[in-house]
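*Asks:* below is the sequence, then the predicted model.
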Amino acid sequence: MTGRAVMTPVELLQSKKLATRPVISLSEGSDPRIIAGAFAAHKLGLVNIILVGDTADIQAGLTALNLVLCLGIEIHDPKTSELTAGFSDAYHEMRKHKGVDAEKARAAVETPLVYAAMLVREGHADGTLGGAVFTTSDVVRAAIQVIGVAPDAAMISSFFLMFPPAHATPGANPHARAMVYSDGGLVIDPSADDLVSIAQQSATSAQALLQVDPKIAMLSFSTLGSAKHPMVTKVSTATQALRDARPDLSVDGELQFDAAFVPDIATRKAPASDVAGLANVMIFPNLDAGNIAYKITQRLGGYAAIGPILQGVAKPANDLSRGCSAEDVTEMIAVTALQGLKS
């Protein structure tokens, strides 16, 4: 542990003491951050790794970092892999209704993003991770087209795990706690129904990755009717719809962030709420709010932000920030592995 109230994904995965390591495919296998983060995850005993990409480029990346392949770390070059022909046939079958012929299927599978996702779809890997070089739209498109949306999910959304600084113990900051921020990376302008889906997914993610009982704040610039506006109505409508759909969840809204986060303010603004002041799942009304909030929390508040993490995909597939570090890669590898574990 690092002084935080809950375990980070790496710490949580280490605590599982799995008999078999999950296998994670990395679609940007020659990027030095990917290589360093993958080797760190493997050295910690968390996962086995498949680095996807041009073999010569990946070998050059290993050499530059003074690393050599070891048992549990493989290179797959989509242009030469013995799996590519079978993947091409499978991809053609799933995409021919979209006009993808055999030649286009082969070309698609020879791209690292699609090949890495096919490894997951066909059972050779338990999850996949990309985005250090590829854009979010590219990563999500490959996940949707190859792996698909989970049967119980209405949509794919994203979230960030927010961890307070290691020194922010309860004695130093009584409000510091780990939280889920959603959606900060994908859904631009969610409808009320979308917010319901995002909140349900985020509650499940908080349970799995933070191991906390989710207390969901549906955030706005208004608290329980203090302002009137269609944007406020969207959030309050979503709150009631979520309560109707999932009476087992602890949820309140609409709430301003201070009312959701600070107990003293909650007693003044929402005294009857069992969520206000204690929320650990923050649902933002749009991508502007969520993206700005996580970066402010990270850069001014000193929180560690892990993500964006995708939720609603049939099998684990995640997106990295293009500004990620090797340490971020290691944590996201752990997240992806945890998402694949059966509860």
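*Replies:* Thanks, I have it. Numbering: from 1, shown residues only.
*Asks:* buried residues, stretch 271-288. List them.
*Replies:* In terms of neighbour count (16 or more other Cβ atoms under 10 Å), stretch 271-288 has its buried residues at 273, 275-285, 287. Using the backbone N, CA and C atoms, a C-beta is placed for each residue, glycine as well.
*Asks:* what's the mean pLDDT across the helix or strand that contains I24?
*Replies:* In this structure, I24 sits in strand 23-26 according to DSSP states H and E. Regarding strand 23-26, the rounded mean pLDDT is 98.
*Asks:* just checking, what packs against the helix or strand just after it?
*Replies:* Per DSSP H and E, strand 23-26 leads on to helix 32-43 as the next helix or strand towards the C-terminus. Counting contacts by 3 or more Cβ pairs under 8 Å, 6 or more residues apart in numbering; DSSP states H and E, helix 32-43 is packed against strand 23-26, strand 48-52, helix 55-64, strand 73-76, helix 326-339.
*Asks:* which one of these lies nearest to M7?
*Replies:* Closest approach to M7 among the helices and strands packed on helix 32-43 (Cβ to Cβ): helix 326-339, 10.1 Å.
*Asks:* any idea how far the closest one is from the chain center?
*Replies:* Relative to its chain's centre, helix 326-339 lies at 9 Å (Cα atoms, centre = their mean, to the nearest Å).
*Asks:* tell me, what residue is most central in this protein?
*Replies:* I309 (0.9 Å; Cα atoms, centre = their mean).
*Asks:* so it is in which element?
*Replies:* Following DSSP H and E, one finds I309 within strand 304-311.
*Asks:* that strand to helix 326-339, inter-axis angle?
*Replies:* With axes from the mean of the first three to the mean of the last three Cα atoms, to 10 degrees as the basis, strand 304-311 and helix 326-339 are set at 40 degrees to each other.
*Asks:* parallel or antiparallel, list what pairs with strand 304-311.
*Replies:* Next to strand 304-311 in the sheet, as set by DSSP bridges, lie strand 157-163 (antiparallel).
*Asks:* what mean pLDDT does the strand it pairs with have?
*Replies:* Mean per-residue pLDDT for strand 157-163: 95.
*Asks:* try stretch 245-252
*Replies:* Per-residue confidence for stretch 245-252 averages out to 96 on the pLDDT scale.
*Asks:* mind listing what's buried along it?
*Replies:* Taking 16+ other Cβ under 10 Å as the neighbour-count basis, stretch 245-252 is seen to contain the buried residues 249-252.
*Asks:* which one of these is nearest to A90?
*Replies:* In terms of Cβ to Cβ, no member of these lies closer to A90 than L249, at 37.9 Å.
*Asks:* that closest one against I216, yeah?
*Replies:* Yes - counting by Cβ atoms under 8 Å, a contact exists between L249 and I216, whose distance comes to 6.2 Å.
*Asks:* fine by me, we can end here.
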